[in-house]
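build me a model:
(chains A and B)
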Amino acid sequence: MTLTEPTAAAPSRPATQIADFRARAEAVAGRALPTASALHAWSVASSANFWGTLLDWADLVWDGTPDPVRTSDDVRTARFFPGVRLNYAENLLRPVAGAGDDAPALTSVHGDGSAERFTRGELRAEVVRTSRALADLGVGPGATVLAIASNNATTAIAALAVTGLGAAWSSATPDMGPQTLLGRFGQVGGSVLLVDRTDLGRDDGGADDVLAELVEGLPSVRHVLVLDGGTPPPLDGVPTARLRDLVAAVPSDDRAPEWPRQPFDAPLFVMFSSGTTGPPKAMVHGIGGTLLEHVKEHRLHGDLGPGDTLYFHTTTAWMMWNWQLSALAVGAHVVLYDGAVTGPETLWQLATRHGVTVLGTSPAYLQLCQDAGYRPRDAVDLPALRAVLSTGAVLHDWQFRWFADAVADVPLQSISGGTDIIGCFVLGHPELPVRPGRSQSISVGLDVAALDDDGRPVVGQVGELVCRNPFPSRPVRFLADPDGERFRAAYFAGSPGVWTHGDRIEIDVDGSARLHGRSDGVLNIDGVRIGPSEIYTIVRGIPGVADAMAVETRDPAVPGSTRLALLLVMQPGVVLDEELGTRIRATLRRDGSPAHVPTLLLAVDEIPLTHNGKRSESAARAVLDGKPVRNVAALKNPSSLQGIADAAARAAGAAVQPVPAGDGIPDVVARAFAEVLGRPVPDEASFFDLGGSSRQSMTLLRRLRGELHRPVSMDHFVADPSVRGLAAALTAEEVPDATVEVLRAGSADVPPLVLVHGAHGDVDLYRAMVSALDTDATVYGLTAHPGTPNAAGTQPLEDLVGRHVASFTALVPDGPVRLAGYSFGGLVAYEMARRLAADGREVTFVGLLDVLPPARVLSSRVLPLYRWAGLVNRFIPGTSETTVREFLGSTRLGRLVRRAPVPAPVPPREVHGGLAQSEKVFHAHAWGPFAGPVSYFRARRRAPVFLNHLYAWRRVAPRLRVVDVPGGHDTLMASQHAPELAARFSTELRASS
Amino acid sequence: VNGTAVEERTADGVVRALRCLDLTDPRWEETAAAADLTAAELSRAARGVPEVRRRRVLVRSALRRILGELLDVPSRAVPLRLDPAGRPHLPGHDLHVSCSASDGVALVVVARRPVGVDVQRHRDGEAAAGLDEDWLAPQELHRIHALPERSRLVAVTRCWTQKEAVLKARGTGVRRLPVDVVTPVSASGRIGRWWVAPVTVPAGYVATLASEVPLGTLVPDAPGVVPGGVR
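Numbering: from 1, shown residues only, chains lettered A, B, ... in the order given. This next block holds a predicted model:
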């Protein structure tokens, strides 16, 4: 394994800024701090001295006294530099040694390749004029300005003007839906709303309607300023204007408004993050803490300074936007980009065109490049590039190796932190080698450690990430948290006195680190997140159960998958028999969800506990996974492990099926009744007489559809809603078997259009589009209803394709044919086209409605990455209807955004229940080339970076035409998009005939 | 006795009575309440397991007592008829009724025009499962996913109550597929010719009333039906 060599330090003068800082630190420490670890050790042992020295060395502009550095040693309550007053924008725009007014400051690149450029002098002048316009609207200390804006110069200038005036800034992206925008900004109480309508309301009825809805929902807003060039709409009771008009109206001889220097903790940014419970946190970050942390990270860890050009791929809704903006404070040139990433080449080409020296990206983008076979080293010239940063998820070992081979001989630095600290716990380091899979260094000044279950620091082992000393970039407060209780609960509930971040980390003796996911013990069963406490709460209410422990364990039946095991300690005299087991499962299903129902119920004598009485899920999991238990000595009751192993062995030997165990319709129905109702069910008793509700009947029917793989409707149920009645109704009925359905009759002279069923097996999803199509063709729908031999998900895709080709050929034996499908159906349609073409049939049109490539065609090693790529559009804020906040709260990947490694693949959100089988079939498929024309209807609302599936498609289908259509992947076929989709689809159809 | 208290509260007096029952109150006397029911009603109630029987008796008794007040007849003499699903209606009168119960809470409404009411105990797990049970239309799922995460699961339960309330107002009940009733997802709004509005119920429950006219948030009459009779 090749290590990237550290930059050789010239002996005569410090080659790096951290070496320069070291000289200052050594003078303060009174001793040599010759290595990175010695400097870090001093920075945490003499923490107050470190921050005092940093403030002095950083050469920022501030008033007042640096004493005291901090008000106490308590991590939760300590405040830094109460005597310092400063201004964020003033510091970002001040002349810096080596970056005078003529030095480049900002380059704002647009999707069409055009760019606006500002020197430091020009940028300052523009920001000052903008601040005058905003000051006239009352923006100043105490105010908060809300911005719905893209990553471009207009936004950056506005942010600098707002913060220059001493007001706080809170930004989001225009293509978030109104509900999500209101969910964020509704908490803030901003007085001025800046909005770029370019992408606003694209799928929600138009920008101005959405704007009106937003303003109505934000009663504190007194002024709305549009950032785009359009005419400001009239709004009820709120004046509107174009920001650029207000700035243009500022007289050229205007005296600059006052930019006040404010207390160190005065509000600068309002950011949003989410914990595992409760409403999302709206956190206020202060001027001094943010600026000092960013300057520290940029200069000491990034060695960023005058002459550097930084591009970090982000949106205005992510803390990395604020982080990269602060690079102006160290004299770096910042590049912004508000276009889309259209392929693996986009960011590398941006880097080469604008002389980027430090490029910030994500593991998913690098993986996209690797999967696409794109080699920046061969494709573009990157002479200026000296470092690449990656954050948002774990960067895998193989990605480091690929990077060294395919990109450049520069360090690849994996950095990780969080919105909560508007900075990083682990970063790169200019003096240290890069070890594949690891971050080079702990952030200097932060006493980051991994604690084991007993709260002891461990090295070389995974533990709870804590920071044990106060640091300035903590949130100065949360909104809606008057007594600070939410703040305390968020970080100080676990181990009093230290900041518990909620990540798991492993730190090696060399100071390098690797993150290992969230530490809140959240289970991930079939992609559904479950908090163990939810299960305990439910189970402990069941008579007979004394204690329980939920463990996510390896599923021996499905390699790579996990299942839920529930260890139960029964009360004395209570036996875990089948009846009780059924009741426990039913209660978990009713009060929890189907995902809460354990695969494995194990009665044990004891739960493994540490000496401190903490429950050790990790020990139980190791036993169930058949792995050695680390650190048995930490357990108070190690004999509990033998009990778990014995119970698991007994369970493995016994049949685990609940009663009745049969696969026949009556048994399946009886089982479903018993579990939904949570009680024994006589065959003839009415569901409703047994206490079942209409609502529960939905759960019952859905479950039966899933288990019987066939339609089960209310009609089957209501006539006689008993086990016997429903079983009889289902047994009596033939399963529908019409494979080919005529969706629309047409002319026999026109080649027919064949639409292939979706993952559910039906063609209902096409009806809205078909009714709006402008075509004379007969439109057929190919179905694969559950219970039929075709059933989607029950057979390899090539078998399904063969059956469909046979059915269709029997119906329409000759002549040209046109095929299309959405998602799963699109891949089937594509393969049918190949098969029909190989049989000599003319295929004049293949329509792919946002069809992702199957995972199989990508390398198996990267499958996990690909699988969660489906979620990744929620990772870059603003590319879907989901906000970062919701995303962080709702998905496992959300925790990766806070820079933790990915421990297991996560299926896309929309795949659950019966769809999972179709998804497996889909991804297991190996496709082949097709030389004919293919029209690809691409969802307009899509991840800008990661899902560059067109690249993969073009490799097999070179004659691919791309048509953008409204909606996202999930909503492409929704009826509100049908008219536009049908119009574009019709155009493509006409071109094919 | 304030059987008509609600009349002044609603814009056009459509809702004559709206009562919320706490079925968990130990003071209910099931035997006394059963005296209000007809033999057919008692027989239907008796088919249920004990908690179902108790619920059916108490809710039907409450409905009869409220109607008895409105019509000025003894509760047992209220000319209620049952449709095949066991739902009550009042032929020959200008009054429409709807009842709903879930766990410990029941609602009884009497109105001048067709009406449907539904109450549902909210459980996060059940609501989460509901996202994958095929009774929410794609548009509804789309709107639900657009909500902040903290509001989503309650929105699922609310959607359910809106669907049920509309199906009851239509007189079809759940025999019709609830997926056909596409709700606005928001707390109130229009579904075809029906307007849905929230009903204030105890914490942990969600309730909706559907009628042909738009109504604001509905607060059940207080005091409502309490153990011992209408007060």
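
buried stuff in stretch A:337-348?
Going by neighbour count (16 or more other C-beta atoms under 10 Å in any protein chain shown), the buried part of stretch A:337-348 is A:Tyr337, A:Asp338, A:Gly339, A:Val341, A:Gly343, A:Pro344, A:Glu345, A:Thr346, A:Leu347, A:Trp348. Bear in mind the C-beta positions are built from the backbone N, C-alpha and C, glycine included.

okay, and which of the residues you listed map to helices?
Secondary structure from DSSP state H places A:Thr346, A:Leu347, A:Trp348 of those in helices.

among the buried residues of stretch A:337-348, which two are most distant?
Between all members of the buried residues of stretch A:337-348, the longest pairwise span (C-beta to C-beta) is found for A:Asp338 and A:Pro344 and amounts to 19.5 Å.

what about chain B, any weak spots by pLDDT?
Per-residue confidence of chain B (counting by pLDDT under 70) places the weak regions at B:1-12, B:84-86, B:172-177, B:179-180, B:222-231.

can you do 50?
Applying pLDDT under 50 to chain B flags residues B:1-9, B:11, B:228-231.

show me which residues of it sit near chain A.
Residues of chain B found near chain A (C-beta under 8 Å from any C-beta of the partner chain) are B:47-49, B:51-52, B:102, B:120, B:123-126, B:128-130, B:132-135, B:138-139, B:142, B:145-150, B:160, B:164, B:173-178.

could you turn the buried ones of the residues you listed into a ChimeraX selection?
Of the residues of chain B next to chain A, the buried ones go into a single ChimeraX selection, burial set by 16+ other C-beta under 10 Å:
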select /B:48,52,102,120,123,124,125,126,128,129,130,132,133,134,135,138,139,142,145,146,147,148,149,160,164,173,174,177,178
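
take the residues of chain B next to chain A and keep only those in strands.
When DSSP state E is applied, the residues of chain B next to chain A are split such that B:Ser102, B:Gln120 fall in strands.

got the contact list for residue 155?
Assuming you mean chain A. A:Ala147, A:Ala149, A:Ser171, A:Leu194, A:Asp196, A:Leu227, A:Thr316, A:Leu336 (C-beta atoms under 8 Å, 6 or more residues apart in numbering or on different chains).

try chain B instead
Shown here is B:Ala155, whose contacts under the criterion C-beta under 8 Å, 6+ apart are B:Arg143, B:Ile144, B:Leu147, B:Val185.

and the residue of chain A most remote from its centre, how far is that from A:Thr778?
Taking C-alpha atoms, centre = their mean, the residue of chain A most remote from its mean C-alpha position is A:Asp749, at 49.4 Å. For A:Asp749, the distance to A:Thr778 (C-beta to C-beta, to the nearest Å) stands at 10 Å.

now the strands for chain B?
Secondary structure of chain B, counting by DSSP E: strands at B:15-22, B:81-82, B:88-89, B:96-102, B:105-111, B:115-121, B:189-191, B:194-198, B:205-211, B:225-226, B:229-230.

got it, and the stretch 201-350 of chain A?
Counting by DSSP state E, counting those that start in this stretch, the stretch 201-350 of chain A forms strands over residues A:223-226, A:240-242, A:262-263, A:267-273, A:281-286, A:309-312, A:333-337, given from the N-terminal end onward.

and A:Val629, that's in a strand?
No - when DSSP: H, G, I helix; E, B strand; the rest coil is applied, A:Val629 is found to be coil, with no strand at that position.

can I get the strands of chain B in CSV with distance to A:Val817?
Formatted as CSV, the entries for these read as follows, by distance: least, C-beta to C-beta, whole Å:
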stretch, distance to A:Val817
strand B:15-22, 59
strand B:81-82, 57
strand B:88-89, 55
strand B:96-102, 53
strand B:105-111, 57
strand B:115-121, 49
strand B:189-191, 41
strand B:194-198, 45
strand B:205-211, 48
strand B:225-226, 67
strand B:229-230, 71
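
low-confidence ranges in chain A?
Scanning chain A with the threshold set as pLDDT under 50 gives A:1-13, A:274-279, A:655-659, A:859-914, A:944-947.

report how many residues lie close to residue 111.
Chain wasn't specified; assuming chain A. Using other C-beta atoms under 10 Å in any protein chain shown as the criterion, A:Gly111 is surrounded by 13 other residues.

actually chain B
Summarising burial for B:Ala111: neighbours were counted as other C-beta under 10 Å, giving 27.
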